[in-house]
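> this one's structure only:
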């Protein structure tokens, strides 16, 4: 870490033990930053620091800090004023307690730093604190002052280095009131079973294998513009967004797709073996099968049905003809002459 510039020099106060340390940033941002430009001519847009009273631009050495009072008046505050505050954490990371790591709410976690031993005399007490933290399996809660205000911190061991996470004060964490969904919503056991199956199928991941796809896409876009090549095409958006979906069907499909992605099953029968398909209506009764277990040939069944239909139609035609036929009249008899 010799090439990393320290941002703060001080000491860790561990009871009566003082450990000189240097504070360096433990994280860095790889996000791509953009500049604002004038669309008409591409000119750079810059922000200038202008004094409201003199209406002129001022340089950094001319700029100080002040507190704005309720009536709008400015109360100047100098760096010397802040350095002379009667607090022990001005140049000291003061350890106040040791607690189990699970006592720290992840919502409180803020910026991370590495604490480097500052000089040879600091090596022994630094190592002592590091090994004590390892053996206790606890983290240290500390208070320190940085950038004009007192902060809360958590010290833990990362490999062979003591790291410190800045912590938000408890009153800086907002309560999650009215954020949760309506409490009247219920989840069925079958839905939970499918969610568990999906979690098990997705399994774990090595965080070192994850990377920023968005940043890589922006880098490719910039490279294409510089070289004058064709810009990469955006993937086609899936249709059907915003529609209400069947939760059970979505869970079942997710489990199948996750298994296929992990090579555990094909898209067909293997995935369906563990997850039964969702029935969207009442189950239909199966038609009884012949005793032999074989279905009658379709042609014979159709022939029988056609013959029965023809017979019925012939009988109906015969009855109709009998009913409508007029009765035959017998010829009139001749009278005998006298």
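Noted; the coordinates are in hand. Everything quoted here is computed from the prediction, not taken from an experiment. Numbering: from 1, shown residues only.
> Could you list every helix and strand in contact with whatever helix or strand residue 13 lives in?
Residue 13 belongs to strand 8-14 when elements are defined using DSSP states H and E. Contacts defined by 3 or more Cβ pairs under 8 Å, 6 or more residues apart in numbering; DSSP states H and E place strand 8-14 against strand 17-25, strand 92-100, helix 123-136, strand 138-146. From N, CA and C alone the C-beta is placed, and that goes for glycine too.
> So which bits of that strand are buried?
8, 10, 11, 12, 13, 14 (16 or more other Cβ atoms under 10 Å).
> Likewise for stretch 126-136?
By neighbour count with 16+ other Cβ under 10 Å, stretch 126-136 contains the buried residues 126, 129, 130, 133.
> what's the offset of it from the middle of its chain?
Stretch 126-136 sits 36 Å away from the centroid of its parent chain (Cα atoms, centre = their mean, to the nearest Å).
> Next: stretch 197-212.
Chain-centre distance of stretch 197-212: 12 Å, with Cα atoms, centre = their mean.
> Could you do stretch 132-144 as well?
On Cα atoms, centre = their mean, the centre of stretch 132-144 falls 31 Å from the chain's centre.
> which residues of the stretch 51-200 of the chain fall in strands?
Assigned by DSSP state E, counting those that start in this stretch, the strands in the stretch 51-200 of the chain fall at 56-57, 65-68, 74-77, 92-100, 109-117, 138-146, 149-158, 161-167.
> And these: which comes nearest residue 210?
Among these, the nearest to residue 210 by Cβ to Cβ is strand 109-117 (18.0 Å).
> Now do that closest one, average pLDDT.
When pLDDT is averaged over strand 109-117, the result is 93.
> can you check stretch 26-34 too?
88.
> Endpoint to endpoint, it covers what distance?
Start-to-end span of stretch 26-34 (Cα to Cα, to the nearest Å) is 24 Å.
> gap between residue 249 and residue 213?
Per Cβ to Cβ, to the nearest Å, residue 249 is found 28 Å from residue 213.
> And these two? Which one has more around it.
Legend: neighbour count by other Cβ atoms under 10 Å for residue 249 and residue 213, higher for residue 249 (13 against 8).
> can you tell me the helix or strand for the more buried one?
Using DSSP H and E, residue 249 maps to helix 247-261.
> name the helices or strands packed onto that helix?
For helix 247-261, the packing partners by 3+ Cβ pairs under 8 Å, 6+ apart are helix 189-202, helix 269-274.
> Those: lowest mean pLDDT?
It's helix 269-274: among the helices and strands packed on helix 247-261, that one has the lowest mean pLDDT, namely a mean of 44.
> Okay, now the unreliable bits of the stretch 101-250 of the chain?
148, 235-245 (pLDDT under 70).
> that older thread, contacts for the strand holding residue 13?
18-23, 88, 91-95, 115, 118, 125-126, 129, 142, 144, 146, 155, 162 (Cβ atoms under 8 Å, 6 or more residues apart in numbering).
> Buried only: go through these for me.
19-23, 92-95, 115, 118, 125-126, 129, 142, 144, 146, 155, 162.
> could I get the buried residues of strand 8-14 as a markdown table with pLDDT and distance to residue 201?
Converted to a markdown table, these look like this (pLDDT from 0 to 100; distance: Cβ to Cβ, whole Å):
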| residue | pLDDT | distance to residue 201 |
| --- | --- | --- |
| 8 | 86 | 46 |
| 10 | 89 | 49 |
| 11 | 91 | 51 |
| 12 | 91 | 46 |
| 13 | 89 | 50 |
| 14 | 85 | 47 |
